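Engineer: from the sequence below, what's the structure:
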Amino acid sequence: MQYYYGSQMPLRVLDEAEFWKHQEEEHTVVIRELVTNLEEEYVEKLKDWEKEFAKTHQRVVRYIETVIRSNGQISQSLYGDVLQLITFCLQQSEQFINFCRVLMEQSEPIKNNPTAKVVLNHIIVESEYFIGVAQTILYQK
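Structural biologist: Residues are numbered from 1 along each chain as shown. Got it, this is the predicted structure:
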């Protein structure tokens, strides 16, 4: 994957964020569906994560629409706002990874479910991938 897109860079990073925030939103459902006997407190936290990812996804979509409508004339202010949003997305993914690790350490149904552990590790790897992409783009400022 190339990370240099000239004036299209804000759109490229937003495209990545849009895809991964939607993925993370879906991952909350996958965990709940896979671990049917998951403790209620974790079920509720996963539902909260799902809502938060949906809100972030919608914010990203709004920025994509704004960048597209700018017809290549992206102001410094808009560019800064995009970078700030991507920073938020990155931090949100880091927090979700930490939550997934807590699930694997503290949830009895997950501790006793090898498939759930494999799936959670895969979810963590995917969120880490997004973090890597986001960091690469942010460090190019």
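
Engineer: show me where the chain has its helices.
Structural biologist: Per DSSP state H, the chain carries helices over the ranges 9-34, 40-69, 76-106, 108-111, 114-138.

Engineer: please state the offset of the longest one from the chain centre?
Structural biologist: Right, the one you point to is helix 76-106. Relative to the centre of its chain, helix 76-106 is centred 6 Å away, using CA atoms, centre = their mean, to the nearest Å.

Engineer: the second one too?
Structural biologist: Helix 40-69 sits 9 Å away from the centroid of its parent chain (CA atoms, centre = their mean).

Engineer: state the distance from the spatially most central residue of the chain to N71.
Structural biologist: Nearest to the mean C-alpha position of the chain, counting by CA atoms, centre = their mean, stands K21 at 3.7 Å. For K21, the distance to N71 equals 25 Å [CB to CB, to the nearest Å]. Yep, even glycine has a C-beta here, placed from its N, CA and C like the rest.

Engineer: low-confidence regions, this protein specifically.
Structural biologist: 1-8, 141 (pLDDT under 70).

Engineer: 50 instead?
Structural biologist: 1-6 (pLDDT under 50).

Engineer: sorry, back to before: hmm, C89 and the residue nearest to the centre of the chain touching each other?
Structural biologist: Yes. Counting by CB atoms under 8 Å, C89 is a contact partner of K21 at 6.4 Å.

Engineer: joint contacts of these two?
Structural biologist: Here K21 and C89 have 56, 60 as joint contacts, going by CB atoms under 8 Å, 6 or more residues apart in numbering.

Engineer: so what's the residue count around S107?
Structural biologist: Using other CB atoms under 10 Å, S107 has 20 neighbouring residues.

Engineer: just the C-alpha atoms of stretch 115-131, please, in CSV.
Structural biologist: The C-alpha coordinates for stretch 115-131 follow below in CSV (Å, rounded to 0.1, in the frame of the first residue of the first chain):
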residue,chain,number,x,y,z
THR,A,115,-12.3,-20.3,19.4
ALA,A,116,-13.2,-17.1,21.1
LYS,A,117,-9.6,-16.5,22.0
VAL,A,118,-8.5,-17.0,18.4
VAL,A,119,-11.2,-14.6,17.2
LEU,A,120,-10.3,-12.0,19.8
ASN,A,121,-6.7,-12.2,18.9
HIS,A,122,-7.6,-11.8,15.2
ILE,A,123,-9.7,-8.7,16.1
ILE,A,124,-6.8,-7.3,18.0
VAL,A,125,-4.5,-7.8,15.1
GLU,A,126,-6.9,-6.1,12.7
SER,A,127,-7.2,-3.0,15.0
GLU,A,128,-3.4,-3.0,15.4
TYR,A,129,-3.2,-2.9,11.6
PHE,A,130,-5.4,0.2,11.4
ILE,A,131,-3.3,1.8,14.2
